[in-house]
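**Student:** Here you go, sequence then predicted model.
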Amino acid sequence: MLIKKAIAFLFLFLFSLPIVAKSSLVDGVRIWSAPDHSRLVFDVDGPIKYNTFRLGKPERLVIDFKNAKLRGKLAKPADNDLFIEDLRFAKRNKSDFRVVLDLKNKSKPKTFVLEPSQQYKYRLVIDLEGIGTPAGANKAAKAVSTKKQSVKAKQHSVSPKKQAVVAKKTTSKKIAKSVKDRNQLRDIVVAIDAGHGGDDPGASGPTGLKEKAVVMKIARKLHALLKKEKGFKPVLTRQGDYYIGLRNRMKIARKHKADLFVSIHADAFKDRRVRGASVYVLSSRGASSEAARWLADKENAADLVGGVKLEDKDDMLASVLLDLSQTATRQASMVVADSVYKQLKRNGKTHGRRVQKAGFMVLKSPDVPSLLVETAFISNPSEERNLKSTSYQKKMAKAMMMGIKNYFLQSPPPGSWLATVAPKKHTIVSGETLSEIAQQYRVSLTTLRRTNGIKGNHLRVGQVLTIPRS
Ligand SMILES: [Zn+2]
């Protein structure tokens with residue numbers, strides 16, 4: 001009896017204790033500056049209570065953290081950050097604190113909390129984007145670049161008069177260039193996509209090498225190599241250490257009217273012995289489920305299929321059109337992936353015996369042939385060492401460049417410069433002779449023999465001859 005009473009008393013006592021909630025620890029902020037947005041990530045040790053609001057004149061964004069403590073210092077934004085001028089921290093009372101962002105341009109903040117994943121705990125993410133669609137961002141980008149230019153001009157102490165002359169020259173150059181462009185055959189556009197970036201580091205190696213960093217280096221090398229190739233115009237989807245959503249990567253490729261999209265990654269596996277490069281294309285399963293998604297997304301679906309605006313058509317026809325376009329794209333993806341795979345195989349160890357298929361979101365453009373290259377297993381100690389070395393990065397970039405170039409030499413897009421210089425192919429049908437073919441293409445018999453390594457006159461039906469450009 002007595003014991004029972006004692007227990008009851010104890011319970012009462014326990015429940016009457018004031019409940020002191022443990023305050024959250026905010027572990028500073030990471031800031032990523034992209035050409036069209038800025039992202040702030042506050043790392044927190046648990047779920048966080050917060051409140052944000054804006055103040056005008058000057059533009060500010062206020063973030064109030066409830067029952068939280070700030071550990072360490074807050075990082076400062078980069079000088080060229082488009083949206084954030086500065087950020088300040090202040091204690092509000094014993095348990096709360098406030099962060100104030102001084103903003104450079106009008107922007108639309110998006111705030112959300114990410115639950116723990118991989119190496120991260122809870123994160124409070126604030127994305128600042130230009131107001132209005134890309135135009136807003138472009139305006140902001142222009143504002144900054146003009147600022148940069150004026151700073152540059154100051155550094156070089158160029159007089160305003162000289163600046164005006166320079167500006168005039170650039171304008172006339174631009175006009176001349178656009179006239180020239182219209183008369184010229186077009187370049188083949190290759191969108192090079194360095195995977196991950198910003199607060200998404202991707203996989204990491206045993207000594208801490210980050211996928212996002214090494215793939216950026218390889219992507220830049222591939223970009224430099226393709227830039228040197230006549231008839232090619234490479235573009236990078238990501239130009240620095242910031243994150244771009246997967247759909248946005250595809251959008252960037254389509255905005256540049258890319259003929260090819262190459263996403264560069266480094267693999268990781270729990271078994272550290274696994275090694276080798278691999279090449280992926282989209283699996284048909286991934287593609288078919290995505291077709292519906294594209295259809296739903298009117299903005300993206302417009303103009304997808306060779307200029308046919310999908311919203312004009314009923315859904316059934318639209319789905320057939322999209323399917324046709326996707327099938328062609330998937331076939332092209334497979335051929336180019338195979339060409340890249342062959343080059344990688346010549347280069348060293350590959351993982352898997354052929355091009356592999358998977359439902360990668362980033363490969364789902366229905367109208368741009370796309371492939372994904374896993375350059376090596378970053379989780380394998382010796383491959384991590386490889387990935388760190390400049391010579392290996394160059395080797396990978398070179399192999400990819402060769403694979404891409406070989407593919408386009410075989411199937412140059414109509415209207416491209418390459419289409420005019422790529423050697424033609426002729427498949428032998430029954431009854432044809434070598435001298436007839438030489439005559440038909442107006443090349444000498446000797447050149448035709450030399451190009452194809454033929455000694456006599458013997459031809460096989462189905463044999464493919466390379467016709468040199470005269
Ligand atoms: Zn990756």
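**Tutor:** The structure has been received and is ready for your questions.

**Student:** In the stretch 251-400 of the chain, which residue sits nearest the ion?
**Tutor:** In the stretch 251-400 of the chain, the residue that lies nearest the ion is residue 265 (3.4 Å; CB to the ion). The way it works is simple: take the backbone N, C-alpha and C, and place the C-beta from them, glycine included.

**Student:** Helix, strand, or coil at that residue?
**Tutor:** strand (DSSP: H, G, I helix; E, B strand; the rest coil).

**Student:** List the residues that contact the closest residue to it other than its chain neighbours.
**Tutor:** Using CB to CB, 6 or more residues apart in numbering and skipping residues adjacent in sequence, the residue nearest residue 265 is residue 195, 4.2 Å away. With contact taken as CB atoms under 8 Å, 6 or more residues apart in numbering, residue 195 is in contact with 202, 211-212, 215, 263-266, 362.

**Student:** try 10 Å
**Tutor:** By CB atoms under 10 Å, 6 or more residues apart in numbering, residue 195 lies in contact with 202-203, 211-212, 214-216, 219, 237-238, 244, 246, 249, 263-266, 362, 372-375.

**Student:** Residue 228: how many residues sit nearby?
**Tutor:** 9 (other CB atoms under 10 Å).

**Student:** now do residue 100
**Tutor:** A count of nearby residues for residue 100, using other CB under 10 Å, gives 16.

**Student:** Verify the stated contact: it with residue 65.
**Tutor:** No: Residue 100 is beyond contact range of residue 65, at 12.0 Å (criterion: CB atoms under 10 Å).

**Student:** Contacts for stretch 251-258, please.
**Tutor:** If you take CB under 10 Å, 6+ apart as the criterion, stretch 251-258 is touched by 36, 134, 186, 188-193, 233-238, 244-245, 248, 250, 259-263, 299-300, 303-304, 362, 365-370.

**Student:** re the thing from before, need the overlap of contacts for residue 100 and residue 65.
**Tutor:** With CB under 10 Å, 6+ apart as the test, residue 100 and residue 65 both reach residue 89.

**Student:** Quickly find the element holding the closest residue to residue 84 other than its chain neighbours.
**Tutor:** Among residues not flanking residue 84 along the chain, residue 77 sits closest, at 4.0 Å (CB to CB, 6+ apart). For residue 77, there is no helix or strand it lies in under DSSP states H and E.

**Student:** So for residue 77, what pLDDT did the model give?
**Tutor:** The score at residue 77 is 89. That number is its pLDDT.

**Student:** same thing with residue 207?
**Tutor:** pLDDT, residue 207: 96.

**Student:** Mark out where each domain of this structure begins and ends.
**Tutor:** 24-131, 186-410, 423-467 (automatic domain parsing).

**Student:** Break down the stretch 201-350 of the chain into its strands, ranges please.
**Tutor:** Assigned by DSSP state E, counting those that start in this stretch, the stretch 201-350 of the chain shows strands spanning 232-236, 260-267, 278-282.

**Student:** For the longest one, output the C-alpha coordinates as CSV.
**Tutor:** Provided in CSV are the C-alpha atoms of strand 260-267 (Å, rounded to 0.1, in the frame of the first residue of the first chain):
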residue,chain,number,x,y,z
LEU,A,260,23.4,15.4,-77.4
PHE,A,261,23.3,15.4,-73.6
VAL,A,262,26.1,13.8,-71.6
SER,A,263,25.8,13.6,-67.8
ILE,A,264,29.1,12.8,-66.0
HIS,A,265,29.2,11.0,-62.7
ALA,A,266,31.3,8.7,-60.5
ASP,A,267,29.9,5.6,-59.1
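
**Student:** when you compare where it runs with where strand 232-236 runs, what's the angle?
**Tutor:** 50 degrees (axes from the mean of the first three to the mean of the last three CA atoms, to 10 degrees).

**Student:** what mean pLDDT would you report for strand 260-267?
**Tutor:** Strand 260-267 carries an average pLDDT of 93.

**Student:** next one: stretch 249-257
**Tutor:** Across stretch 249-257, pLDDT averages out at 91.

**Student:** same thing with stretch 43-56?
**Tutor:** Regarding stretch 43-56, the rounded mean pLDDT is 88.

**Student:** That'll do, ta.
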